[in-house]
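Participant: Show me how the following folds:
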Amino acid sequence: MPTFTDRVTLKAAGYVLRQFIEAKIERDLQNIAGRFSVTCLDAQRLAQSLPAQIGQPPTIPVRLLAGHACELAIDGETVLLGWIDKVTGEWSGEHIRFRFEGRDKTGDLVECAALPNGPSELRNVDLLSAAKTVCQPFGITPKADVDIGAPFRVLALYPHETALSFLEKGARQRAVLLVSDGVGGLLLTRGGSTRGPAPLRIGELIQDSEWHHDHAHRFSDYFVKGQTAPNRAGTAAPLTSTAVPFGGTPPATPGPATAKEKAAVAMTGHAVDPEITRWRPTVRMVRSQSGMSSVQEQAEWALRVARGQADHLEYTVLDWRANGALWRPNQVVPVWDPYAGVDRDMLIAGVTYEFSEKGARTKLRLVGVTAYDRIDEAERRKHRHGHQTAQQQLTTAAAPIQAH
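Facilitator: A predicted model of the protein is given here:
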């Protein structure tokens, strides 16, 4: 006889489903939308479908289909508001199972256009106001728990640009992380804003562990090169060798650029990772400083992010709660793991609540606390239509939010 849990509840289309034989609810900083998969065993429908059996009305209604809004709860606490994306029915002589899969509301921001009917730009708006404008048609409520910075003079977008792509451009310029709260909201925050419910120590809460120390995306030297327009006001452009003035005395040809002018034209930030002992340089380009972070700050930031992502731990702990509270992403927890050589705070980057024949367990993905740092990026310059913006040309060290 399969093992069931009644701690998970799925509400959709006026129905309430319990008694799941499998459940998986996942939230991760890499994927803006939380997602779920739950499986029911429909004993009544099996009895009804057998020959010469009358049976009772089926537990799982056929009318519960993909596209329905849904609410998922653990122990009565709502953890996901979203949509059913897929329904799968499996029949055999021994069982009839239904699996429901879906995501929270922010999943629509990944695939859908931001403002398909315009406007093509937002003027004099801060990041939260821009997020509200884009998210309102999707029924998503943005909020901020950190300083979101000054208003943007202009935030431009293309008609085909997705909502997430558009908001990420602004978020990266204000050093803000976009995180779904799972229950219909988009949170503008920064990495590690809260503490976890309990410390993680080998031999106590941790049941299974796996650790990775990965240098594939770390470099010995981080160079960030930027440009600003030279300040040589009052000097005329030199004539070419074949140009002839209409009259008068030709203007003097400007002399060599001064050291100050050279610094204004090209700037380089340089950070060194002493743990990478062989020559592995990387270069990132930015176009303009415009009062944002300096190229040196960006080089140091790139190093911090790469170092934070290099340490990657995966733990499985019993149950979905510790000290009465659910484990959640973007929490900082103390970790003691002598096998991995870790005795410090780490960031919970991903949480997966699971139920199976092994019972209720939580899988935690942990990274260094700097792995999801954000920094003010250089402000974009305006270009002719079709040219790349500086935002597009800037390759960040932080892992991008993926489409899920």
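
Participant: only C-alpha atoms for contact and neighbour calcs from this point on.
Facilitator: Will do.

Participant: and the closest residue to Gly118 other than its chain neighbours, what helix or strand is that in?
Facilitator: Spatially, and ignoring its direct neighbours in sequence, Gly118 is nearest to Pro159 (7.0 Å; Cα to Cα, 6 or more residues apart in numbering). In the assignment (DSSP states H and E), Pro159 maps to no helix and no strand.

Participant: Now do Pro159 against Ala130, distance only.
Facilitator: Distance, Pro159 to Ala130, by Cα to Cα, to the nearest Å: 16 Å.

Participant: So which of these two has more stuff around it?
Facilitator: For the pair Pro159 and Ala130, the greater number of neighbours falls to Ala130 (20 against 14), based on other Cα atoms under 10 Å.

Participant: helices or strands up against the helix or strand harbouring that one?
Facilitator: Using DSSP H and E, Ala130 sits in helix 127-135. With contacts taken as 3 or more Cα pairs under 8 Å, 6 or more residues apart in numbering; DSSP states H and E, helix 127-135 sits against strand 141-144, helix 163-173.

Participant: Return the angle between stretch directions for that helix and helix 163-173.
Facilitator: Here helix 127-135 runs at an angle of 180 degrees relative to helix 163-173 (axes from the mean of the first three to the mean of the last three Cα atoms, to 10 degrees).

Participant: related to what we said a few turns ago, backbone dihedrals for the residue nearest to Gly118, both of them.
Facilitator: Phi and psi for Pro159, reported as degrees, to the nearest 10, are phi -60, psi -30.

Participant: contacting residues for it?
Facilitator: Ala113, Ala114, Leu115, Pro116, Asn117, Gly118, Ser120 (Cα atoms under 8 Å, 6 or more residues apart in numbering).

Participant: Distance-wise, check it relative to Val110.
Facilitator: Pro159 is 15 Å from Val110, by Cα to Cα.

Participant: Pull the distance from stretch 12-26 to the chain's centre.
Facilitator: 26 Å (Cα atoms, centre = their mean, to the nearest Å).

Participant: Please shift the residue numbers so they start at 727 in all later answers.
Facilitator: All set: I'll call the first residue 727, so the last point we hit is now stretch 738-752.

Participant: how about that stretch: buried residues?
Facilitator: Buried residues in stretch 738-752, counted by 16 or more other Cα atoms under 10 Å: Ala738, Leu743, Arg744, Gln745, Phe746, Ile747, Glu748, Ala749, Lys750, Ile751, Glu752.

Participant: Surely the second one is in contact with Lys737?
Facilitator: The one in question is Leu743. Yes: with contact defined as Cα atoms under 8 Å, Leu743 and Lys737 form a contacting pair (6.3 Å).

Participant: Just the CA atoms of the longest helix along the chain, as PDB, please.
Facilitator: Taking DSSP state H as the criterion, the chain has its longest helix at helix 1021-1036. Output of helix 1021-1036 as PDB, limited to C-alpha atoms (Å, rounded to 0.1, in the frame of the first residue of the first chain):
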ATOM      1  CA  VAL A1021      35.500  49.700 -12.800                       C
ATOM      2  CA  GLN A1022      37.600  48.700  -9.700                       C
ATOM      3  CA  GLU A1023      34.500  48.000  -7.600                       C
ATOM      4  CA  GLN A1024      33.100  45.900 -10.500                       C
ATOM      5  CA  ALA A1025      36.300  43.900 -10.800                       C
ATOM      6  CA  GLU A1026      36.200  43.100  -7.000                       C
ATOM      7  CA  TRP A1027      32.500  42.300  -7.200                       C
ATOM      8  CA  ALA A1028      33.100  39.800 -10.100                       C
ATOM      9  CA  LEU A1029      35.700  38.000  -8.000                       C
ATOM     10  CA  ARG A1030      33.400  37.800  -4.900                       C
ATOM     11  CA  VAL A1031      30.600  36.400  -6.900                       C
ATOM     12  CA  ALA A1032      32.700  33.700  -8.600                       C
ATOM     13  CA  ARG A1033      34.300  32.800  -5.300                       C
ATOM     14  CA  GLY A1034      30.900  32.500  -3.600                       C
ATOM     15  CA  GLN A1035      29.500  30.200  -6.400                       C
ATOM     16  CA  ALA A1036      32.600  27.900  -6.300                       C
END
